[in-house]
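> Predicted structure and sequence below. I'll ask about it afterward.
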Amino acid sequence: MDVNEDGMLDIISGSYADDDLEEIAGTFQVLWGSGNGAFKPTERLKGDNGEPLVIDPGKAKDPDGFKICTRPTLIDWDGDGKLDIVSGNFEGTFALFKGKGKGVFESKSSWIRAEGKMLKLSEWNSDPVFADIDSDGDLDLLSGSDGGGVFWAENKTEDAKVTKFELSSFKTLIEPNGYFLLGKNDEAKPGLNTRIWVDDLNGDGKTDILLGDTVEFEWVKEGIDKEAYAAWEKEIDAFYESAPETDEELAALSKTQQEEFRRKQKELWEQEKLFIHTASSGHVWVYYGK
Amino acid sequence: MKLSNTLSSLLLIPSAIYAVEFDDPVQIMAGDKALAVESPGYASPCFADMDGDGTKELLVGQFNDGKIKVYTQIGDHRFDNGGWLKYKDEVMTVPGIW
């Protein structure tokens, strides 16, 4: 996206949390484009007060979740001809930083609302992208989530000739697959923590969705001692059958019993590495529009 | 509100029916393997003409070190093996990326 409107594409990214800040908050990082596919090193985006842009959590009782896991996109939200930032966060809400032009943004954010209340996913980690997903001439808001899938908030404006938003609450566009572990020979499918992009990938004039995810893999290693593996499985089943099921149950045990529980748990986890292969990664998928 | 949505209200058909419908997902390939980011994952794609040559490249961000890989399209949902986005031969990173 051309954040500073200099005719060269820039890359803007959010962040989980910025270690250089005193408060717990994600910031916005820009790789300014210098033309021909080249970019300058990452620079923290600052507001019109000269300080790093940080989402204003308002009067939230637990403000950190509203400020971390920033996930920005740019759009002329208010139709004033200047690009604004709309950012997702851990809580699943959407913050708006109004643009003043040329890559300068107001320091104080506000919340995007729908049907009289704060627009919010039912899942964590909002991930906004704007596209006319229902082909009615206006831009709708789409989002991935930590639980996977794609959700959309329909824009019901009656004046699509100017950029204007009257969003409805979220509806499911692509059903999440839920949590799963992929075995060695399992067929892959889209997983959790979806991050999306909308474009016509194959040039057929239809809207496609690119979707990035996170998947976990787990399978029994080859060439292991099968008797030892069976004994470990039996031992771990017995351990968890008698283990406390809640923190409260664990806390009710004597100090010696708690220490023994943790020692045995750690020992079994260490043994697990001998038998079980675990890994995680992320894939990218395309949903071609019909 | 457009005509299609007005009709959906009158006919009591959920307006979601008018959203785009999609085929089953197809996994993006990089070279001869499924495109995969480093552990722990969090692949974050975008598709844009970064070098202004008239064709769009696929950029995929990831959690680990906040690195970004750039892939060139060689067919429908097929891309080359990609390369890290660099500045003066150094792989660029985004601190605390999500």
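Yes, it's here.
> The lengthiest strand in chain B and chain A in contact?
Taking DSSP state E as the criterion, chain B has its longest strand at strand B:68-75. Yes - using C-beta under 8 Å from any C-beta of the partner chain, strand B:68-75 reaches chain A at B:68, B:70. Quick note: C-beta positions are derived from backbone N, CA and C, even for glycine.
> Could you list the residues in contact with that strand?
A:11, A:37, B:30, B:35, B:37, B:50, B:55-62, B:79-85, B:92, B:94 (C-beta atoms under 8 Å, 6 or more residues apart in numbering or on different chains).
> Run a quick neighbour tally on residue A:207.
21 (other C-beta atoms under 10 Å in any protein chain shown).
> how close does it sit to residue A:90?
Going from residue A:207 to residue A:90 by C-beta to C-beta, to the nearest Å gives 28 Å.
> Residue A:44 too?
Distance from residue A:44 to residue A:90, by C-beta to C-beta: 19 Å.
> And the two? Which one has more around it.
Higher neighbour count among residue A:44 and residue A:90: residue A:90, with 21 against 16, using other C-beta under 10 Å.
> per-residue confidence for the more buried one?
Looking at residue A:90, its pLDDT is 97.
> nearest residue to it other than its sequence neighbours?
Spatial nearest neighbour of residue A:90, excluding adjacent residues (C-beta to C-beta, 6 or more residues apart in numbering or on different chains): residue A:69 at 4.0 Å.
> With residue A:193 instead?
residue A:214 (4.1 Å).
> Please apply the same query to residue A:43.
That would be residue A:30: by C-beta to C-beta, 6+ apart, it lies 5.4 Å from residue A:43.
> List of residues touching the stretch of helix or strand the one you found belongs to?
For residue A:30, the host element (DSSP states H and E) is strand A:29-31. Under the contact criterion C-beta under 8 Å, 6+ apart, strand A:29-31 has outside partners A:3, A:10-15, A:39-45, A:103, B:85, B:92, B:94-95, B:97.
> Kindly report the same for stretch A:104-121.
With C-beta under 8 Å, 6+ apart, stretch A:104-121 has contacts from A:45, A:47-49, A:51, A:53, A:55-56, A:58, A:84-87, A:91-100, A:126, A:141, A:143, A:145, A:151, A:153, A:165, A:167-170.
> can you check stretch A:232-244 too?
A:250, A:252, A:253, A:261, A:264, A:265, A:268, A:271, A:272, A:274, A:275.
> So which bits of that stretch are buried?
Residues of stretch A:232-244 classed as buried: A:232, A:236 (neighbour count, 16 or more other C-beta atoms under 10 Å in any protein chain shown).
> just the helices in chain B please.
B:3-10 (DSSP state H).
> quick one, strands of it?
B:26-27, B:29-30, B:33-34, B:36-37, B:44-48, B:57-61, B:68-75, B:78-79, B:83-84, B:86-87, B:90-91.
> Contact residues of the stretch 101-250 of chain A facing chain B?
So far as C-beta under 8 Å from any C-beta goes, the stretch 101-250 of chain A lies against chain B at A:125, A:133-137, A:152, A:154, A:156-158, A:160, A:171-174, A:188-191, A:193, A:195-197, A:199, A:201-202, A:206-215.
> Filter these down to just the ones in strands.
A:152, A:154, A:171-174, A:193, A:195-197, A:199, A:208-215.
> low-scoring stretches of chain B, by residue?
Within chain B, the ranges that satisfy pLDDT under 70 run B:1-18, B:97-98.
> Show me what the spatially most central residue of chain B is bridged to.
Centroid-nearest residue in chain B, with C-alpha atoms, centre = their mean: residue B:45, separated by 3.1 Å. Using DSSP bridges, the bridge partners assigned to residue B:45 are residue B:60.
> Contact partners for it?
By C-beta under 8 Å, 6+ apart, the neighbours of residue B:45 are A:195, A:196, A:197, A:210, A:211, A:212, A:284, B:28, B:58, B:59, B:60, B:61.
> in the sheet, who's paired with the third one?
Assessed by DSSP bridges, residue A:197 has beta-bridge partners residue A:210.
> looking at it, it is touching residue A:150, isn't it?
No - Residue A:197 lies out of contact with residue A:150 (C-beta atoms under 8 Å); the separation is 10.8 Å.
> where do the contact lists of these two overlap?
residue A:209.
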